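Chemist: With the input below, show me the fold.
(2 chains)
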Amino acid sequence: IAGITQAPTSQILAAGRRMTLRCTQDMRHNAMYWYRQDLGLGLRLIHYSNTAGTTGKGEVPDGYSVSRANTDDFPLTLASAVPSQTSVYFCASSDSDEVNEQFFGPGTRLTVL
Amino acid sequence: GQNIDQPTEMTATEGAIVQINCTYQTSGFNGLFWYQQHAGEAPTFLSYNVLDGLEEKGRFSSFLSRSKGYSYLLLKELQMKDSASYLCAVRGGNYQLIWGAGTKLIIKP
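Modeler: Numbers count the residues shown, from 1 in each chain, chains lettered A, B, ... in the order given. The predicted model follows:
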């Protein structure tokens, strides 16, 4: 089934631990994105990648890193988790057509204690 | 700064019509999107406007006025399954999306 998958679905993490959230799409979309969603706030862009091999910083990149070794995968790493990174994380992808709407994965609910 | 405003919550009755407004101030404009997000789920694409006017898609319509920095999403013949949050997003000058906080729509029988 075409779409975006994310893993894990949810995770409880001790502060200071390293964590990688996985994202894979099979739609051959060029662009991919990582957002966090917090209650009362809009989705905020963490990092993005317009094509394999390139990445860029979004609105809230501090404490996060990404890589884009191939078209399908776009992992997000928290090097040393802090409680303020408790959030729901969504991965998304988009094609390069006129509308360029973003398709979202199911999300990862992360709690940092 | 860049800003997108939409009401926090709205209530409507099954079978009725509801209009959800969105106003924006952004550095550049390259289109406006509406997404639907059910509780605990991912956002899903509803509509896209880049030119002024109304775009109709079944029970849902979206309107844009670029000069006023204003859009609305119109939902007709409301059904219980329309209970969700509706997110307004503007693609700015750097081609990244800027998101509003969303409007939670509650449908009552």
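
Chemist: Surely B:Asn94 and B:Gly28 touch.
Modeler: Yes. With contact defined as CB atoms under 8 Å, B:Asn94 counts as touching B:Gly28 (7.2 Å). C-betas here are computed from N, CA, C, even on glycine.

Chemist: now B:Thr11: how far from chain A?
Modeler: Separation of B:Thr11 from chain A (CB to the nearest CB, to the nearest Å): 19 Å.

Chemist: secondary structure element for that residue?
Modeler: According to DSSP states H and E, B:Thr11 maps onto strand B:9-13.

Chemist: Would you mind pulling up the elements that that strand packs against?
Modeler: Counting contacts by 3 or more CB pairs under 8 Å, 6 or more residues apart in numbering or on different chains; DSSP states H and E, strand B:9-13 is packed against strand B:18-25, strand B:103-108.

Chemist: what residues does chain B put near chain A?
Modeler: Within reach of chain A by CB under 8 Å from any CB of the partner chain, chain B has these residues: B:4, B:31, B:33, B:41-45, B:48, B:87, B:89, B:91, B:96-102.

Chemist: switch the cut-off to 10 Å
Modeler: Near chain A, the residues belonging to chain B are B:2, B:4, B:6, B:8, B:30-31, B:33, B:35, B:37, B:40-48, B:50, B:87-89, B:91, B:94-102 when assessed by CB under 10 Å from any CB of the partner chain.

Chemist: Where does pLDDT dip in chain B?
Modeler: Within chain B, not a single segment meets pLDDT under 70.

Chemist: what's across from the residue in it positioned nearest to chain A in the sheet?
Modeler: Relative to chain A, the nearest point of chain B is B:Trp99 (3.4 Å; CB to the nearest CB). B:Trp99 has these beta-bridge partners by DSSP bridges: B:Ala89.

Chemist: Pretty sure it sits against B:Asp5.
Modeler: No. In this structure B:Trp99 lies outside contact range of B:Asp5 using CB atoms under 10 Å: 11.7 Å.

Chemist: Please enumerate the shared neighbours of the two.
Modeler: Here B:Trp99 and B:Asp5 have B:Cys88 as joint contacts, going by CB atoms under 10 Å, 6 or more residues apart in numbering or on different chains.

Chemist: Of these two, which one has the most company?
Modeler: Between B:Trp99 and B:Asp5, counting by other CB atoms under 10 Å in any protein chain shown, B:Trp99 is the more crowded of the two (22 against 13).

Chemist: so who does the nearest residue to B:Gln2 once chain neighbours are set aside touch?
Modeler: Nearest non-adjacent residue to B:Gln2, counting by CB to CB, 6 or more residues apart in numbering or on different chains: B:Thr26, 4.8 Å away. Contacts of B:Thr26 were listed using CB under 10 Å, 6+ apart, and they are B:1-4, B:32, B:69, B:90-94, B:98.

Chemist: Just the buried residues out of these, in ChimeraX syntax.
Modeler: Of the contacts of B:Thr26, the buried ones go into a single ChimeraX selection, burial set by 16 or more other CB atoms under 10 Å in any protein chain shown:
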select /B:4,32,69,90,91,92,98
